[in-house]
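J.: With the sequence up front, the predicted model follows.
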Amino acid sequence: MIYIYGAGGHAKVVAEILELRGLAIAGFIDVNSKTDTLLGYPVYDESLSLIGSSPQLIIGVGSNIIRKRISESLTGTFISAIHPSANISTRSQIETGTAVMPGASINSDVIVGRHCIINTNCSIDHDCVLGAYVHVSPGVALAGNVTVGNGVHIGIGSSIIQGIKIGKWATIGAGAVIIKDVPDYAVVVGNPGKIIKYNKIDEQ
Ligand SMILES: CC(=O)SCCNC(=O)CCNC(=O)[C@H](O)C(C)(C)COP(=O)(O)OP(=O)(O)OC[C@H]1O[C@@H](n2cnc3c(N)ncnc32)[C@H](O)[C@@H]1OP(=O)(O)O
C-alpha cells in the first residue's frame, strides 16, 4: 500500500497514475487538508511515524522546495509514478520519487533525478541531465544535452535549445525561449529569455 504525501491537485494526478499502474493506494497525508477523503481515499493528518515504520510513499506536492524538505524529513521507501502513456527510452534513467505525467517523452540517455515532476506532454530529448526536485511543466520542450540543476522550475510551454545549462533553483517563466545558459537562482522570462530577478531559496 502506498501513501501519497500531499492532497492537492498534483497529488490527485499522481494517484490516478498509481491506479492505472494497478498499485494500491493507502491514502493521502496532508497536515493542512480541509477534507477527510480525496478521490475516495482517506486523507490523514497524522505523521507517517504513526502509520507505519517503513511505508511506501510518493510526494505529491508541486512546490520543488517543499518536496525537498518533505523527502529529507521522511523515512520510508519512495516510489516513482510513471504514466503508461509516457514514452521513455529504455536507455534513460528515472530516479526514485519522480512522477512522469501522461504523454511525456524522454529520449535516449537522459537522467532524471529524484523527486522530480515531468509534467503532461513535455519532451526531454537525448542526453539531458536533470537534478533532483526539478519540475518540467506541461508542454515544455528540452532539446538535446540540456543540463538542469536541482530545484529548477521550467514554466509551462517554454523551450530550451540544445546544450543549455540551467543553474540550480532557477525559474523559467511560462512560454520562455532559453538560448543562453541560466545562472543559479535566476528567474528568466520572455523570448529570448531575460533575467528579471533571483529566487531567494533557503535550501535547508
Ligand atoms: C499542471 C500545472 O499547473 S503545472 C504549473 C505550471 N505553471 C507555470 O509554469 C507558471 C510559471 N510561472 C511564471 O511564468 C511566473 O509568471 C514567473 C514565475 C516567471 C514570475 O512570477 P512572479 O515572481 O510572481 O512575477 P510577476 O508576476 O510579479 O512578474 C514580474 C514581471 O515579469 C513579467 N512576467 C511574468 N511572467 C512572465 C512570463 N512567463 N513571460 C513574460 N513576462 C512575464 C510580468 O509581466 C512582470 O512584468 P512587469 O514588471 O513589467 O510588470
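T.: Looks like it came in fine. Residues are numbered from 1 along each chain as shown.

J.: For the rest of this, base every contact and every neighbour count on C-alpha atoms.
T.: Will do.

J.: Residue numbers of this protein in contact with the ligand?
T.: Taking C-alpha under 6 Å from any ligand atom as the criterion, the chain approaches the ligand at residues 137, 155, 156, 173, 174, 175, 189, 190.

J.: What about the residues you listed, which are in strands?
T.: residue 189 (DSSP state E).

J.: so, if you compare the residues of the chain next to the ligand, which one comes nearest to residue 196?
T.: Of all the residues of the chain next to the ligand, residue 196 sits closest to residue 189, with 7.1 Å by C-alpha to C-alpha.

J.: quick one: contacts for the nearest residue to that closest one once chain neighbours are set aside?
T.: Leaving out its chain neighbours, the residue that sits closest to residue 189 by C-alpha to C-alpha, 6 or more residues apart in numbering is residue 173, at 4.6 Å. By C-alpha atoms under 8 Å, 6 or more residues apart in numbering, the contact set of residue 173 is 154, 155, 156, 158, 187, 188, 189, 190.

J.: Swap in 6 Å and give it another go.
T.: Residues in contact with residue 173 (C-alpha atoms under 6 Å, 6 or more residues apart in numbering) are 155, 188, 189.

J.: List just the nearest of the residues you listed to the ligand.
T.: Nearest to the ligand among the contacts of residue 173, counting by C-alpha to the nearest ligand atom, is residue 155 at 3.1 Å.

J.: so that closest one touches residue 137, yeah?
T.: Yes. Using C-alpha atoms under 6 Å, residue 155 makes contact with residue 137 at a distance of 5.4 Å.

J.: which SS class is residue 108?
T.: coil (DSSP: H, G, I helix; E, B strand; the rest coil).

J.: Could you list the low-pLDDT ranges of this structure?
T.: Applying pLDDT under 70 to the chain flags residues 46-53.

J.: if I pick residue 168, what's in contact with it?
T.: 149, 150, 151, 152, 184.

J.: one more time with 7 Å
T.: Going by C-alpha atoms under 7 Å, 6 or more residues apart in numbering, residue 168 touches 149, 150, 151, 152, 184, 185.

J.: Please apply the same query to residue 187.
T.: 170, 171, 172, 195, 196, 197, 198, 199.

J.: which other residues reach the longest helix seen in the chain?
T.: Ranked by residue count under DSSP state H, the longest helix found in the chain is helix 9-20. Residues from elsewhere that reach helix 9-20, judged by C-alpha under 7 Å, 6+ apart: 4, 60, 61, 62, 81, 82, 83, 99.

J.: Can you give me the buried ones in that helix?
T.: Going by neighbour count (16 or more other C-alpha atoms under 10 Å), the buried part of helix 9-20 is 10, 11, 12, 13, 14, 15, 16, 17, 18.

J.: List just the nearest of those to the ligand.
T.: Of the buried residues of helix 9-20, the one sitting nearest to the ligand (C-alpha to the nearest ligand atom) turns out to be residue 10, at 7.1 Å.

J.: burial of residue 79, as a residue count?
T.: 19 (other C-alpha atoms under 10 Å).

J.: how near is it to residue 56?
T.: The gap separating residue 79 from residue 56 is 7 Å, by C-alpha to C-alpha, to the nearest Å.

J.: same check, this time on residue 39
T.: 19 Å.

J.: Among these two, which residue is more densely surrounded?
T.: Neighbours were counted for residue 39 and for residue 56 using other C-alpha under 10 Å; residue 56 has more, 17 against 12.
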